[in-house]
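**Q** the following block contains a protein sequence and its predicted model.
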Amino acid sequence: MNMGIERKNEIYIGADQRQSLVDLVVPDGSNGKLIVFAHGFMGYKDWGCWNLVSDFFVALGYGFCKYNVSHNGGTIEQPIDFPDLDAFAHNSYSKELTDLKCVLDWLETQFAVLPEIYVIGHSRGAGIVLLSAKDVRIKKIVSWSGISDISKRFPEGKQLEVWKTQGTKYTVNSRTEQKMPQLFEQYEDFIAHEQELSIEKACKESKTPTMVIHGDLDTSVDIEESRQIASWLHTRLFEIEEANHTYGATQPWESTELPEHLLKVCIITHGFFQIEY
């Protein structure tokens, strides 16, 4: 574990055998712990401050791995933003669960002995890592601005019927101004795997040490969702005062420094990773 590793835009095989990209950095003299980071909805591994988050933890001796979910709308050639809207249309929570497993499988091929794996998820990615708590390779989990209920991500009533009838609904990406398509099959996949995709069930059954963090000014995912997650896990919620959904990070992020709130989140997360269980 003394040899450093720095790999950018390596290829892993994710859900439906689709190729996607993964980064892996391990510093010289690593502490033997490796963080895997899962991004959120309409996100990607190089969004905003995620590279600075990697730098923060690598400087403290951790390895850091971040990846694009296989159907996030990016491609191998164009991993920034969303040139492949057809892939985005076919994405699902089940696929993202598979992607995380595939990344962990890929990591096993990179080491003679797998480091101690800690997983951070942001927003939708937090939901995915919470659902993955039963994976014995994962030793600790941190939820940043996490979702507590996947069913809440879907329309209801008449809007659901319109989606079913039309087959596709669209979400406008306010930054890129793209109309992001989602096929009705995404909802059908959720219904078919509802127990497997129950964050409440996963949390109540989890034996994996987990920390929950949320900004109290989050307008994308209400802090009440993290209150639910913390109650199911019988753990405390760390509320970041005056912090939004991304803890001050934006895309693009021109500064070489982390925003104040995200730095605080990283420091709190590091403290949790240092606790022996």
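**A** The structure has been received and is ready for your questions.

**Q** going by C-alpha atoms from here, please, whenever you check contacts or count neighbours.
**A** Will do.

**Q** so where is the protein shaky, pLDDT-wise?
**A** Scanning the chain for pLDDT under 70 picks out 1-3.

**Q** could you rerun that using 90?
**A** 1-3, 277 (pLDDT under 90).

**Q** tell me where it has strands.
**A** Counting by DSSP state E, the chain has strands at residues 5-13, 19-26, 33-38, 63-67, 116-122, 138-144, 168-172, 179-183, 210-215, 237-240.

**Q** need the ones you listed in a markdown table (columns: mean neighbour count and distance to Gly271).
**A** As requested, those are exported to a markdown table (neighbours: other CA atoms under 10 Å; distance: least, CA to CA, whole Å):
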| stretch | mean neighbour count | distance to Gly271 |
| --- | --- | --- |
| strand 5-13 | 15 | 24 |
| strand 19-26 | 22 | 19 |
| strand 33-38 | 24 | 14 |
| strand 63-67 | 26 | 16 |
| strand 116-122 | 22 | 13 |
| strand 138-144 | 24 | 11 |
| strand 168-172 | 14 | 37 |
| strand 179-183 | 19 | 38 |
| strand 210-215 | 25 | 10 |
| strand 237-240 | 18 | 12 |
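
**Q** please convert those strands to JSON lines, extending it with distance to Phe272.
**A** As requested, the strands of the chain are arranged in JSON lines below (distance: least, CA to CA, whole Å):
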{"stretch": "strand 5-13", "distance to Phe272": "24"}
{"stretch": "strand 19-26", "distance to Phe272": "20"}
{"stretch": "strand 33-38", "distance to Phe272": "12"}
{"stretch": "strand 63-67", "distance to Phe272": "16"}
{"stretch": "strand 116-122", "distance to Phe272": "10"}
{"stretch": "strand 138-144", "distance to Phe272": "9"}
{"stretch": "strand 168-172", "distance to Phe272": "36"}
{"stretch": "strand 179-183", "distance to Phe272": "36"}
{"stretch": "strand 210-215", "distance to Phe272": "7"}
{"stretch": "strand 237-240", "distance to Phe272": "11"}
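
**Q** I'd like to know which of these lies nearest to Ala87.
**A** Smallest distance to Ala87 across these (CA to CA): 9.4 Å, for strand 179-183.

**Q** just to revisit the earlier point, which one of the strands of the chain lies nearest to Ser92?
**A** Closest approach to Ser92 among those (CA to CA): strand 179-183, 9.2 Å.

**Q** can you list the residues that contact the closest one?
**A** Contact with strand 179-183 is made by 85-86, 88-91, 167-173, as judged by CA atoms under 8 Å, 6 or more residues apart in numbering.

**Q** CA atoms only: put that strand into PDB for me.
**A** Presented in PDB, the C-alpha positions along strand 179-183 are these (Å, rounded to 0.1, in the frame of the first residue of the first chain):
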ATOM      1  CA  LYS A 179     -34.600  18.500 -21.700                       C
ATOM      2  CA  MET A 180     -33.500  15.300 -19.900                       C
ATOM      3  CA  PRO A 181     -35.800  12.400 -20.900                       C
ATOM      4  CA  GLN A 182     -36.900   9.700 -18.600                       C
ATOM      5  CA  LEU A 183     -38.700   6.600 -19.900                       C
END
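
**Q** all numbers from here: first residue = 33
**A** Got it, first residue is 33 now, which makes that one strand 211-215.

**Q** now that strand: how far from the chain's centre is it?
**A** Centroid separation for strand 211-215 versus its chain: 20 Å, with CA atoms, centre = their mean, to the nearest Å.

**Q** tell me which two in the contacts of strand 211-215 are the farthest apart.
**A** Greatest spacing in those, by CA to CA: Gly199 and Asn205 (19.6 Å).

**Q** ok so, going back, which of the contacts of strand 211-215 lies closest to Leu249?
**A** Asn205 (20.7 Å).

**Q** need the contact list for Ser155.
**A** By CA under 8 Å, 6+ apart, Ser155 lies in contact with His71, Gly72, Phe73, Ser175, Trp176, Ser177, Gly178, Ile179, Val253.

**Q** residues in contact with the closest residue to it other than its chain neighbours?
**A** Leaving aside its sequence neighbours, Ser155 sits nearest to Gly178 (CA to CA, 6 or more residues apart in numbering; 4.3 Å). By CA under 8 Å, 6+ apart, the residues touching Gly178 are 153-159, 244-246, 253, 257-258.
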